[in-house]
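>>> The following block contains a protein sequence and its predicted model.
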Amino acid sequence: MWFLDATRSEIDGYNMGWQRYLDARATDEKRRRRERANAEKKAAALHLQAAKMGAKATKAVAAKNMARRADTLLANLEPTRQNDKVAKIRFPEPAACGRTPLTAEGLAKSYGSLEVFAGVDLAVDRGSRVVVLGLNGAGKTTLLRLLAGEEEADSGQVVPGHGLRLGYYAQEHDTLDLDATVWECVRHAAPDAPEQRLRTLLGAFLFSGDQLDQPAGTLSGGEKTRLALAGLVSSAANVLLLDEPTNNLDPVSREQVLDALRRYEGAVVLVTHDPGAARALNPERVILLPDGTEDHWSQEYLDLVTLA
């Protein structure tokens, strides 16, 4: 692990795994805070003593030297480290809906002579949690795009239930208008939301100031992910279709997404290669593509997540 410390303008190297790195980083930060506190305490004592000695002409030179030592101690201290900014990700409070807000019947999709899948049925009940698994090319992203209305099925149909409000996150950020600004993207996602609420939301996702006027196409992969997730959060979706939502995120932001998955009370259909995301979702069912087989979730399927 390499940690770029902007405060010290140095890179710290840690030859260890992630959890041990977190522990080692925390230990290093405590040591630096302790060293700073000790140096500040010593410098304060030297300044106090210098002030007492400076009142006597015979000790004026010694007092100046003592004060100079205290100033040198403080000058050599590293700047106080600020806490890292972290995106505060919380998926929306789901709007009220019927018992089964989303149903798919007999979905089939081909590209030219290549059949991706056929005869896929899916019923997404209120608050249910489903993982879609399959090897690369089995049609996981295609299924989510059909459910989201981004593509049309060759046969079969997607049936919206009572009160359905969909939120779709595309792994390639297809839902973002890359020519639009950050502000325009989130405003498009929530046209009726109060301006201050959206500005506060964007701030929670680490977008503020001039960056609100930056075209989405110029953002990094992680920034596009945060912007797309901010658009989801600005809605009141009761069914989330999430295609690799932890891709491109730094480890701290990934943990925020996983925590948001745990807390979300609406229904989720998830495509992921991240076992941590599957564990956080705590799914009830799994859909296996390309056959469209449905099964109860079990821990045995975790081994397929990284292969899928």
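Ah, there it is. Numbers count the residues shown, from 1 in each chain.
>>> Can you list the helices and strands that the top helix by length along the chain packs against?
Taking DSSP state H as the criterion, the chain has its longest helix at helix 18-54. Here helix 18-54 touches helix 60-75, going by 3 or more C-beta pairs under 8 Å, 6 or more residues apart in numbering; DSSP states H and E. Glycine gets a C-beta too; all of them are placed from N, C-alpha and C.
>>> Show me the contact partners of the helix it packs on.
Helix 60-75 is contacted from outside by 39-40, 42-44, 46-47, 49-54, using C-beta atoms under 8 Å, 6 or more residues apart in numbering.
>>> how about 6 Å then?
Ala39, Ala43, Leu46, His47, Gln49, Ala50, Met53, Gly54 (C-beta atoms under 6 Å, 6 or more residues apart in numbering).
>>> do the same with stretch 98-106
119, 121-126, 156-159, 161-164, 238-239.
>>> run the last query once more with 8 Å
119-126, 146-147, 155-166, 238-239, 267.
>>> And for Ala237, the neighbour number?
Residues lying near Ala237 (other C-beta atoms under 10 Å) number 25.
>>> what about it, distance to Ala45?
Ala237 sits 60 Å away from Ala45, going by C-beta to C-beta, to the nearest Å.
>>> Ok, Val120 next?
75 Å.
>>> more neighbours, those two?
Taking other C-beta under 10 Å, Val120 and Ala45 do not tie; Val120 has more neighbours (26 against 12).
>>> confidence score at the more buried one?
As predicted, Val120 sits at a pLDDT of 94.
>>> I'd like to check the angle between the longest helix of the chain and helix 60-75, please.
If you take axes from the mean of the first three to the mean of the last three C-alpha atoms, to 10 degrees, helix 18-54 sits at 160 degrees to helix 60-75.
>>> Per-residue confidence at the closest residue to Ser234 other than its chain neighbours, what does it come out as?
Leaving out its chain neighbours, the residue that sits closest to Ser234 by C-beta to C-beta, 6 or more residues apart in numbering is Ala190, at 3.7 Å. Looking at Ala190, its pLDDT is 82.
>>> go on, Gly17?
Gly17 carries a pLDDT value of 85.
>>> And for Thr80?
For Thr80, pLDDT reads 67.
>>> next one: Leu102
Reading off the confidence values, Leu102 has pLDDT 96.
>>> what about Lys42, how many neighbours?
For Lys42, using other C-beta under 10 Å, the count is 14.
>>> Number the residues from 10 up from this point.
Got it, the first residue is 10 from now on, which makes the last one we talked about Lys51.
>>> Please determine how far it is located from Glu44.
According to C-beta to C-beta, Lys51 and Glu44 sit 11 Å apart.
>>> Tell me what Tyr178 is bridged to.
Leu251 (DSSP bridges).
>>> Point to the residue nearest the middle of this protein.
Against the mean C-alpha coordinate of the chain, by C-alpha atoms, centre = their mean, the closest residue is Ser262 at 3.7 Å.
>>> so what secondary structure elements neighbour the strand or helix carrying that one?
According to DSSP states H and E, Ser262 maps onto helix 260-272. Helices and strands touching helix 260-272, by 3+ C-beta pairs under 8 Å, 6+ apart, are helix 230-242, helix 284-290.
>>> what do you get if the cut-off is 10 Å, keeping everything else the same?
Packing partners of helix 260-272 (3 or more C-beta pairs under 10 Å, 6 or more residues apart in numbering; DSSP states H and E): helix 27-63, helix 230-242, strand 248-252, helix 284-290.
>>> okay, those in a markdown table with distance to Glu181 next?
Putting the helices and strands packed on helix 260-272 into a markdown table (distance: least, C-beta to C-beta, whole Å) gives the following:
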| stretch | distance to Glu181 |
| --- | --- |
| helix 27-63 | 26 |
| helix 230-242 | 9 |
| strand 248-252 | 8 |
| helix 284-290 | 17 |
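>>> Of all these, which one comes closest to Leu267?
Leu267 lies closest, by C-beta to C-beta, to one member of these: helix 284-290, at 4.0 Å.
>>> ok, then the element right after that closest one?
strand 294-297.
>>> Taking the chain centroid, which residue in this structure is the extreme one?
Outermost in the chain, C-alpha atoms, centre = their mean: Thr67 at 64.4 Å.
>>> Pull the contacting residues for it.
The contact partners of Thr67, by C-beta atoms under 10 Å, 6 or more residues apart in numbering, come to none.
>>> I'd guess it is in a strand, am I close?
No: under DSSP: H, G, I helix; E, B strand; the rest coil, Thr67 falls outside any strand and is assigned helix.
>>> dump the residue contacts of His305.
So His305 contacts Pro292, Glu293, Arg294, Val295 (C-beta under 10 Å, 6+ apart).
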